[in-house]
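Colleague: One predicted model, sequence on top.
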Amino acid sequence: MKEIFQSPPLIQNQFATIRALFDKNVVPSYGRFDLALSRGAGSYVFDTAGGRYLDLGAGIAVCCLGHAHPDILAALAEQSQKLMHVSNLYYTEPQGRLAAELAGRIGAGKVFFCNSGAEANEGLFKVARKFGHDQGRFEILTAVNSFHGRTLAGIAATGQDKAKKGFGPMTAGFRHIPFNDVAAARAAISPATAAILIEGVQGEGGVTPATPDYLAGLRALCDEKNLLLLMDGVQDGHYRTGRFQSFQRILEIPPAEGALPLPDDFLPDGLSMAKSLGGGFPMGAFWVREPYADLLEPGTHASTFGGTPLACAVGLKILEVIEREDLAGRARKLGTWLKNELLRLAELYPAVVSDARGMGLMLGLELAENIPAFARSRQSPAVQFANRLQASGVLVIPAGTRTVRLLPPLNLKPQEAGEGISLIEECVKALA
Ligand SMILES: *Cc1c(COP(=O)(O)O)cnc(C)c1O
């Protein structure tokens, strides 16, 4: 933590006061870091005592333009003076325009707006159920180690026991298959199966990209068995990998030797979005491909706050800034540089860093097993490492027990990336 200005004595102890408020009044469902943040600017956030942190987590892949971006602030101010919210009983221009912008970046289809990633996935589950209903099919196969949200159906879909523990019985109709294994998917299909849902890059599961062969194989399998292929793009979408959606980026990777090339016209049948979509303004959406785009008829699905003029004005502005500043190109270039630096650390300090994975600005640094300095605490190595980085002025996000994620703003500056790597390297060196 760097003191960049003198804090007034009154707020010196604000962290303790805020934590006491939480302890007494906020449901303790999160493991929180010892940090109370009060403002942000660009790629930095500031705690209540004025300490500055390089925010490489960006609100878990949400703040794609960093904090307090002037164009987002202007869009919020302008639209809020015109019209903040009307119900979905009426038409509004921003929602129609944003739907066109999103579908235009994916493929022929339509968009439904909601408020979060879990809610976007719930919509996809309903599309799959409606699709299979007349044949008595309802089951959705999802991947081991996947993450699809914390609603009841979301935890049933999530392929991690820790999300389900204590909340049984699970919502029926979900089974898990090993990731990146087409044969296992084929073997798991039952007469009740209606859809397969995967993340292009598993996020919470530890930053594991799908291979192009897996996507090609699942597409062919779903076509053969008349199943919907659904993708959860909540974390890896919105240009994070260097393309609008991760499948578009994965499509560029040459297939393995002897494998089917991924068809140029590859598309999933449905795709969920949230996190970066509103850049910090809460919003979610799902896209569904023609000819399934009209499955959810009038009266079958709704969300009071979905696609408000205010949210959609922000969403439109974010896309405009990303294009104007070629932030896809930046995510790709800076992401490659960052990943190579993380791989360099893995090579230099194998006793501390065992691997670096990911694409674009969705990167995972895997810690080696049995790092002596981490043996004394019950906290996971990922959390302990994140704590050490926080103490030196960098925020990262744990994933699983031994991986930390870098999900920085897409407009991260090269010099900020450099600052992040030197602070991470210092921390790794101290552990070696
Ligand atoms: C974060 C996330 C979700 C859940 O999104 P919420 O907005 O927290 O409901 C779903 N899927 C993936 C892949 C995510 O990363």
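Modeller: Arrived safely, thanks for sending. Residues are numbered from 1 along each chain as shown.
Colleague: average pLDDT for the strand or helix carrying A128?
Modeller: When secondary structure is defined by DSSP states H and E, A128 falls within helix 117-133. Per-residue pLDDT values across helix 117-133 average out to 98.
Colleague: Just the buried residues of that helix, please?
Modeller: Of the residues in helix 117-133, those with enough neighbours to count as buried (16 or more other CB atoms under 10 Å) are 117-132. Backbone N, C-alpha and C define where each C-beta goes, glycine included.
Colleague: okay, among the residues you listed, which ones form the most distant pair?
Modeller: Checked with CB to CB, those reach their widest spread between G117 and G132, with 22.9 Å between them.
Colleague: Quick check: the gap between E204 and the ligand.
Modeller: Per CB to the nearest ligand atom, to the nearest Å, E204 is found 6 Å from the ligand.
Colleague: Would you confirm that that residue contacts Q160?
Modeller: Yes - distance between E204 and Q160: 7.4 Å, which falls inside the contact criterion (CB atoms under 8 Å).
Colleague: Mutual contacts of the two, please.
Modeller: Between them, E204 and Q160 share the neighbouring residues F147, with contact defined by CB atoms under 8 Å, 6 or more residues apart in numbering.
Colleague: now S29: how far from A185?
Modeller: When distance is defined by CB to CB, to the nearest Å, S29 is 33 Å away from A185.
Colleague: end-to-end on stretch 369-389?
Modeller: By CA to CA, to the nearest Å, the extent of stretch 369-389 from end to end equals 18 Å.
Colleague: and what of stretch 372-384?
Modeller: One end of stretch 372-384 to the other measures 12 Å (CA to CA).
Colleague: ok, now stretch 154-173?
Modeller: Using CA to CA, the end-to-end distance of stretch 154-173 comes out at 12 Å.
Colleague: can you tell me if it touches the ligand.
Modeller: No - using CB under 6 Å from any ligand atom, stretch 154-173 stays clear of the ligand, with a minimum separation of 6.9 Å.
Colleague: So which bits of the stretch 1-150 of the chain are right by the ligand?
Modeller: Those residues of the stretch 1-150 of the chain that sit near the ligand, judged by CB under 6 Å from any ligand atom, are 116-118, 121, 147-149.
Colleague: what sits against E416?
Modeller: For E416, the contact set (CB under 8 Å, 6+ apart) comprises 43, 54, 408.
Colleague: Which secondary structure state is assigned to it?
Modeller: For E416, the reduced secondary structure class is helix; criterion used: DSSP: H, G, I helix; E, B strand; the rest coil.
Colleague: quick revisit: E204 and Q160 - which one has more neighbours?
Modeller: E204 (21 against 17; other CB atoms under 10 Å).
Colleague: so where does the more buried one fall, helix or strand?
Modeller: Following DSSP H and E, one finds E204 outside all helices and strands.
Colleague: how about the residues of the stretch 151-300 of the chain near the ligand?
Modeller: That would be 199, 203-204, 232, 234-235, 274-275, which are the residues of the stretch 151-300 of the chain within reach of the ligand (CB under 6 Å from any ligand atom).
Colleague: Swap in 5 Å and give it another go.
Modeller: Taking CB under 5 Å from any ligand atom as the contact definition, the stretch 151-300 of the chain meets the ligand at 203, 232, 234-235, 274.
Colleague: circling back: okay, and which of the contacts of E416 map to strands?
Modeller: By the criterion of DSSP state E, membership of the contacts of E416 in strands covers L54.
Colleague: Write the ChimeraX selection for whichever of the contacts of E416 are buried.
Modeller: The ChimeraX command for the buried members of the contacts of E416 (criterion: 16+ other CB under 10 Å) is given here:
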select :43,54,408
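Colleague: With the flanking residues excluded, which residue is spatially nearest to the spatially most central residue of the chain?
Modeller: Averaging the C-alpha coordinates of the chain gives a centre point, and the residue nearest to it by CA atoms, centre = their mean is Q235 (1.4 Å). Sequence neighbours aside, G203 is the residue nearest to Q235 in space, at 3.8 Å (criterion: CB to CB, 6 or more residues apart in numbering).
Colleague: Distance of that neighbour relative to L319?
Modeller: Distance from G203 to L319, counting by CB to CB: 21 Å.
Colleague: between those two, which one's more packed in?
Modeller: Here G203 and L319 are compared on neighbour count by other CB under 10 Å; more neighbours surround G203, at 26 against 19.
Colleague: okay, now the domains of this protein?
Modeller: Under the assignment automatic domain parsing, the domains of the chain span 3-62+327-431, 70-324.
Colleague: So which of the ones you listed is the most surrounded?
Modeller: When those are scored by mean count of other CB atoms under 10 Å, the highest mean neighbour count falls to domain 70-324 (a mean of 20).
Colleague: Check the offset of that one from the chain's centre.
Modeller: Between the mean C-alpha point of domain 70-324 and the mean C-alpha point of its chain there is a distance of 11 Å (CA atoms, centre = their mean, to the nearest Å).
Colleague: Quick one: low-confidence residue ranges for the stretch 51-200 of the chain.
Modeller: Judged by pLDDT under 70, the stretch 51-200 of the chain has no weakly predicted residues.
Colleague: residue boundaries of the helices in it?
Modeller: Under the criterion DSSP state H, counting those that start in this stretch, the stretch 51-200 of the chain contains helices at 58-61, 70-82, 93-106, 117-133, 152-157, 161-164, 182-188.
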